[in-house]
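1. sequence? don't have it. structure:
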């Protein structure tokens, strides 16, 4: 019985050390996740989320939208892996390719892994998104979606 307890304790310690190494030292496996939630009558299938690692300063939203370095991480149905980069991580959440919200998430370490939760809903004056990022570099804010002033250049 003592032997089983010692083995169990050893295995638990090893698992804890692996998770610590993965989260703080080197990425052994990717744990970033995206969760999309919508309030009726909005449809999840009409949402896209694009990602780019950036060191650029954009003069305005049109300049931001013209960036072609974006990777599609959510296409309305499937979620793709979010690359692990530290620094300025740019995202564009769009709905029906008519409304968008750009934002920048600053990560202080490449190893930091996050749960990205995007909740889209309607108010009397338009579409809104609540952005909740859980993890070491957390963020939590609400933004009104903006009508897209130009046709977004995209490779998708």
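-> Cool, the structure landed. Values in this document were obtained by computation on a predicted structure and should not be read as measured data.
2. ok now do the nearest residue to residue 96 once chain neighbours are set aside, which residues does it touch?
-> Leaving aside its sequence neighbours, residue 96 sits nearest to residue 46 (Cβ to Cβ, 6 or more residues apart in numbering; 4.7 Å). Using the backbone N, CA and C atoms, a C-beta is placed for each residue, glycine as well. Residue 46 makes contacts with 76, 95-96, as judged by Cβ atoms under 8 Å, 6 or more residues apart in numbering.
3. which of the residues you listed has the most neighbours?
-> residue 95 (20 neighbours; other Cβ atoms under 10 Å).
4. touching, that residue and residue 45? I think so.
-> No - in this structure residue 95 lies outside contact range of residue 45 using Cβ atoms under 8 Å: 10.5 Å.
5. could I get the buried residue list for the host helix or strand of residue 118?
-> In this assignment (DSSP states H and E), residue 118 forms part of strand 115-123. Judged by neighbour count (16 or more other Cβ atoms under 10 Å), strand 115-123 contains these buried residues: 116-118, 120.
6. mind listing residues that contact it?
-> Counting by Cβ under 8 Å, 6+ apart, 32-39, 41-42, 47, 49, 82, 93, 95, 127-135, 145 sit against strand 115-123.
7. just the buried residues from these, in ChimeraX please.
-> Only the buried entries of the contacts of strand 115-123 go into this ChimeraX selection, using 16+ other Cβ under 10 Å:
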select :32,34,36,38,42,47,49,82,93,95,127,128,129,131,132,133,135,145
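8. return the subset of the contacts of strand 115-123 lying in strands.
-> Among the contacts of strand 115-123, the members found in strands (DSSP state E) are 33-38, 47, 49, 93, 95, 127-134.
9. any idea whether residue 17 is helix, strand or coil?
-> State at residue 17, reduced to three classes by DSSP: H, G, I helix; E, B strand; the rest coil: helix.
10. what mean pLDDT does the helix or strand harbouring residue 6 have?
-> For residue 6, the element it lies in under DSSP H and E is helix 2-24. Helix 2-24 carries an average pLDDT of 74.
11. residue 47 contacts residue 95, doesn't it?
-> Yes - contact between residue 47 and residue 95 holds when scored by Cβ under 8 Å: they sit 5.7 Å apart.
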